[in-house]
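Enquirer: what follows is a protein structure lacking sequence information:
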């Protein structure tokens, strides 16, 4: 959420990259939701928290997607872990004669337990969206299949 907030504070239109299933697999990751499911979750968050704001969701088949080499893209919002990749993006932009991206680094927001809040932790029922630890009974209830 912090990345989205920063993005919307910088621009009228935010480009949001969502990793494709194939790219995630190449990176040794196996998301617990498909690309389409992750996009739906992001759209729900965007529509509820950033209602009326303009955004574009792009499927990432690599770290940046094709939009990174667009003259319309002026800034990139990253975590400290992903900031190291920005010089690669700026190199791609330089090849096309575009100026380097303005880099906005967003620190992780920590949950009550001192670990980062993440969508994975929220989906697993460890924490809620505000980083509060969920009780054991609530975790069990959330992990049970729904009837109906």
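Expert: Received the coordinates, thanks. Since the structure is predicted, the reported quantities are computational estimates derived from the model, not experimental observations. Numbering: from 1, shown residues only.

Enquirer: residues contacting residue 49?
Expert: Residue 49 sits next to 1, 4 when contact means Cβ atoms under 8 Å, 6 or more residues apart in numbering. No exception for glycine: its C-beta is placed from N, CA and C like everyone else's.

Enquirer: what's the answer for residue 24, then?
Expert: 30, 31.

Enquirer: and it, how far from residue 51?
Expert: Per Cβ to Cβ, to the nearest Å, residue 24 is found 29 Å from residue 51.

Enquirer: kindly report the same for residue 86.
Expert: 30 Å.

Enquirer: who has more neighbours, the two?
Expert: residue 86 (19 against 7; other Cβ atoms under 10 Å).

Enquirer: find the nearest non-adjacent residue to that one, please.
Expert: residue 103 (5.3 Å; Cβ to Cβ, 6 or more residues apart in numbering).

Enquirer: just to check, the one you found is in contact with residue 84?
Expert: No - counting by Cβ atoms under 8 Å, residue 103 stays clear of residue 84, with 10.7 Å between them.

Enquirer: looking at the two, which one has more neighbours?
Expert: Counted by other Cβ under 10 Å, residue 103 and residue 84 do not tie: residue 103 has more neighbours, with 14 against 9.

Enquirer: and the helix or strand where that one lies, which strands flank it?
Expert: Using DSSP states H and E, residue 103 sits in strand 102-105. Sheet pairing for strand 102-105, assigned by DSSP bridges, gives strand 75-78 (parallel).

Enquirer: which other residues reach the strand it pairs with?
Expert: Residues contacting strand 75-78 (Cβ under 8 Å, 6+ apart): 3, 6-7, 10-11, 68, 85-86, 89, 101-106.

Enquirer: which one of those is nearest residue 28?
Expert: residue 85 (16.4 Å; Cβ to Cβ).

Enquirer: what about that closest one, how many neighbours?
Expert: 13.

Enquirer: roughly how far apart are it and residue 92?
Expert: 11 Å.

Enquirer: common neighbours of these two, please.
Expert: By Cβ under 8 Å, 6+ apart, the residues touching both residue 85 and residue 92 are residue 64.

Enquirer: next, the buried residues of the helix or strand hosting residue 22.
Expert: Using DSSP H and E, residue 22 sits in helix 21-26. For helix 21-26, a neighbour-count test (16 or more other Cβ atoms under 10 Å) marks 21, 23, 24 as buried.
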